[in-house]
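**Q** Just need the structure, nothing else, for what follows:
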Amino acid sequence: LLPAACRCSANFCLVSPSSTVNMKLLIATALAGSACAFAPAQQGARVASSLNAEKSKALPFLNRPALLDGSMAGDVGFDPLGLSEIDEVGIDLYWMREAELKHSRVAMLAVAGILQVEIFGPAPGCEAATAKCQMDAFWQLWNSHPQYVAFALIMITTIEMISGIAATTGRETGDRAPGDFGLDPLGFGKGDPAKFERLKAQEVANGRLAMWAAAGLLVQGCTTHQGGIENLMNSLSDNAF
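**A** Model (predicted):
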């Protein structure tokens, strides 16, 4: 028996428009039900995966960046900008690590040099740089002995070329760790491995602190034209804190 909506002849069957609409609604409902049956499971899996992901030690409310697995000294998973995942413009995690270590070491030398000159005075041959503020002392030296500054720039350029070649080669071959120039005159690397790893972590921690310190000395020197220690003593005496 056929529904009243269907009228059959000898060779074909005519279906009324209302029957066609009902069939389409039935098929759409079945497909929607099937999709809904799978969607919650997939969404739940994503949520569970996000909750189970390892959290950053530095930022516990964020997931640990994939490449920061703690194998590098000083790595605590701090990368809120996602810089460790950059790999499209010739810069990758290796290059970033090389730059961090280089700037850390330069900053530690810079802070020590700024404070040493402010406390003990200029080095021999640089007597013209009498200002306590080392930013002003630089221009005093430039005006009296520009050849010193030119020589320093030549040396910096040479060092940058050598370190750049080392970093590029090490990144391509994988035979060199970032920042490793084999400079270990005291033989720390030949002793206890655990102690050596601790020393590497301390180098990174002190280097990061020194970068902030160097930036502070430069900014306060350019704004107050006072030395770092001089500026600190004035702040304490004026109760500026």
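**Q** Which parts of this structure are helices?
**A** If DSSP state H is used as the criterion, the helices of the chain fall at 17-52, 93-120, 134-144, 146-173, 193-224, 228-237.
**Q** what angle separates the second one from helix 134-144?
**A** So that's helix 93-120. Relative orientation of helix 93-120 and helix 134-144, computed by axes from the mean of the first three to the mean of the last three Cα atoms, to 10 degrees: 80 degrees.
**Q** again with the last one
**A** With the same axes, to 10 degrees applied, the angle from helix 228-237 to helix 134-144 works out at 140 degrees.
**Q** could you say what helices and strands helix 228-237 packs with?
**A** helix 93-120, helix 193-224 (3 or more Cβ pairs under 8 Å, 6 or more residues apart in numbering; DSSP states H and E). All C-beta atoms are positioned from the backbone trio N, CA, C, and that covers glycine.
**Q** wait, which of the ones you listed is closest to Met161?
**A** The stretch from the helices and strands packed on helix 228-237 with the least distance to Met161 (Cβ to Cβ) is helix 93-120; that distance is 13.2 Å.
**Q** contacting residues around Asn206?
**A** For Asn206, the contacting residues are Ser104, Met108, taking Cβ atoms under 8 Å, 6 or more residues apart in numbering as the criterion.
**Q** Can you read off the pLDDT for the residue most central in space within the chain?
**A** With distances taken as Cα atoms, centre = their mean, Leu83 lies nearest the centre of the chain, 4.8 Å away. Predicted confidence (pLDDT) for Leu83: 85.
**Q** Make residue 1 into 836 and carry on from there
**A** Sure thing, new numbering starts at 836, so read that last one as Leu918.
**Q** Let me know the distance separating it from Thr1058.
**A** When distance is defined by Cβ to Cβ, to the nearest Å, Leu918 is 29 Å away from Thr1058.
**Q** Then Ala1049?
**A** Look at Ala1049 and Thr1058: by Cβ to Cβ, they are 15 Å apart.
**Q** ok, these two, which is more surrounded?
**A** Summary of the neighbour comparison: Ala1049 and Thr1058, criterion other Cβ atoms under 10 Å, with Ala1049 having more neighbours (20 against 10).
**Q** So the more buried one sits against Ala947, correct?
**A** No: the pair Ala1049 and Ala947 fails to qualify as a contact (Cβ atoms under 8 Å) at a distance of 10.0 Å.
**Q** Including distance to Leu897 and mean pLDDT, could the helices of the chain go into a markdown table?
**A** Rendered in a markdown table, the data for those read as follows (distance: least, Cβ to Cβ, whole Å; pLDDT from 0 to 100):
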| stretch | distance to Leu897 | mean pLDDT |
| --- | --- | --- |
| helix 852-887 | 11 | 49 |
| helix 928-955 | 18 | 93 |
| helix 969-979 | 38 | 92 |
| helix 981-1008 | 27 | 93 |
| helix 1028-1059 | 19 | 94 |
| helix 1063-1072 | 35 | 90 |
